[in-house]
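Student: no letters, just coordinates:
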């Protein structure tokens, strides 16, 4: 299962490296969303107060695009059907695609964080670096898992991309809540202390645990048709 | 033209003229009696609340509808599990899950509507960011999504399997959303809604609430039986339509 997962992940990342869709389209999209937030909120004080939330909102919007992209390359020439016909373990496909998605998300989040520092004058503090790092890893893995799970469901049916946001956004609400609060603590936004952040990381960890098991079990029946 | 063969999987439903039976008519009558009783007790006999005056009467609807929504979603989850479990797999479970979820979504919408009207009268706001209110809204959206998944198309078995898995994932998701929203609110808000809206229920008020639960449960059972049979008929129409088309192609070949 893990060998399959590594192969699938390597394949997805190679496709992305060569097509450059993520670097040329998704990253600029995420950056422009960050600029748009500043236009909408129109106040330096407000923007720097809500910066962690905006980073994670922009991540969620970009997640929708990344997930659709991830399954568009599978369905374009019937690759999923071919994988299934070849008897490839669906759990391996699930974990592999989730790993590739996590790597892409991590790059995206790094760009968003840097743009928050530049655009919203967010300041990183040394004491919060560990919390920030753990939060980003846990949230990224969680988002990649549910994104792949529901992406597989919506992506398997042609012309039903509109369904993905409806299914995915309610599910990732705990990640948005947990990751935003933990990031606020790590950055000290609104006077939050680093210690306040760790319970939220616990919430993210529970999310990751539940959906790594649930996703591995459910992905097979969802894509087998 | 030859008569098309009718496939057997939903034949029982396809040969019946309507969705009513003696039992559904009995439940339907009982529902009407229950609803009239609820109207009489809820609007006329039960007293107005000391603090909330007449707006407390909205609760006789609100509690009944939210109860049914929870029951309906529980039935959807159990039926979905029954479909996925190999020894009990049957499209009847799938249709039961679908019918129940439709009713649940309807009653959840009514719950949110009645709740926000009551909130406007009692708190001056249609919406408060209370944990229970917020996670109820999430539950509503989750099952709207479930119904959308049911409408994706494909064969009946594909629909059944796909939606059963989604229904079970919802069971995983809902407690997590509720828990996280609760944590989120817990750190921001001093008093919870439960404290502010404490109602001393006694006598006729409590009795009216019981009538509400009974009347709405009867309504749910009645709707569920009919809806489940309508879904069976729709599946039967799909099957018949396919057989009919096949038969026509065969007839063309014979010419």
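Tutor: Cool, got the structure. These figures come from a predicted structure and were not determined experimentally.
Student: of all residues in chain B, which one is nearest the centre?
Tutor: Centroid-nearest residue in chain B: residue B:104, 1.8 Å away (criterion: CA atoms, centre = their mean).
Student: is whichever strand or helix holds it up against chain A anywhere?
Tutor: Per DSSP states H and E: residue B:104 is located in helix B:91-122. No. Helix B:91-122 stays clear of chain A (CB under 8 Å from any CB of the partner chain), getting no nearer than 13.0 Å. For every residue, glycine as well, the C-beta is placed using N, CA and C.
Student: the residue nearest the centre of chain A is in what secondary structure piece?
Tutor: With distances taken as CA atoms, centre = their mean, residue A:143 lies nearest the centre of chain A, 4.1 Å away. Assigned by DSSP H and E, residue A:143 belongs to helix A:129-155.
Student: against chain B - does whatever helix or strand comes next after that helix have any residue that ends up touching it?
Tutor: Downstream of helix A:129-155, the next assigned helix or strand under DSSP H and E is helix A:163-171. Yes. Helix A:163-171 is in contact with chain B by CB under 8 Å from any CB, via A:163, A:166-167, A:170-171.
Student: list the contacts of helix A:163-171.
Tutor: A:60, A:63-64, A:67-68, A:146-147, A:150-151, A:153-155, A:157, B:138, B:141-142, B:144-145, B:148-149, B:152, B:166, B:169, B:173, B:177 (CB atoms under 8 Å, 6 or more residues apart in numbering or on different chains).
Student: picking up where we left off before, the residue nearest to the centre of chain A against residue A:174, yeah?
Tutor: No. Between residue A:143 and residue A:174 there is no contact under CB atoms under 8 Å: 10.8 Å.
Student: one step back: which of the residues of helix A:163-171 next to chain B has the most neighbours?
Tutor: residue A:171 (26 neighbours; other CB atoms under 10 Å in any protein chain shown).
Student: tell me the pLDDT of that one.
Tutor: Per-residue pLDDT puts residue A:171 at 91.
Student: which phi and psi does residue B:53 have?
Tutor: According to degrees, to the nearest 10, the main-chain angles of residue B:53 amount to phi 50, psi -130.
Student: what is the helix or strand where residue A:47 lies packed up against?
Tutor: Taking DSSP H and E as the definition, residue A:47 sits inside helix A:44-75. Packed against helix A:44-75 by the contact rule (3 or more CB pairs under 8 Å, 6 or more residues apart in numbering or on different chains; DSSP states H and E) you find helix A:2-19, helix A:27-41, helix A:79-85, helix A:90-119, helix A:129-155, helix A:163-171, helix A:173-187.
Student: looking at those helices, which is buried most?
Tutor: helix A:173-187 (a mean of 25; mean count of other CB atoms under 10 Å in any protein chain shown).
Student: report the contact partners of residue B:82.
Tutor: Per CB under 8 Å, 6+ apart, neighbours of residue B:82: B:88-90, B:93.
Student: how about residue A:173?
Tutor: Listed by CB under 8 Å, 6+ apart, the contact set of residue A:173 reads B:138, B:177, B:180-181.
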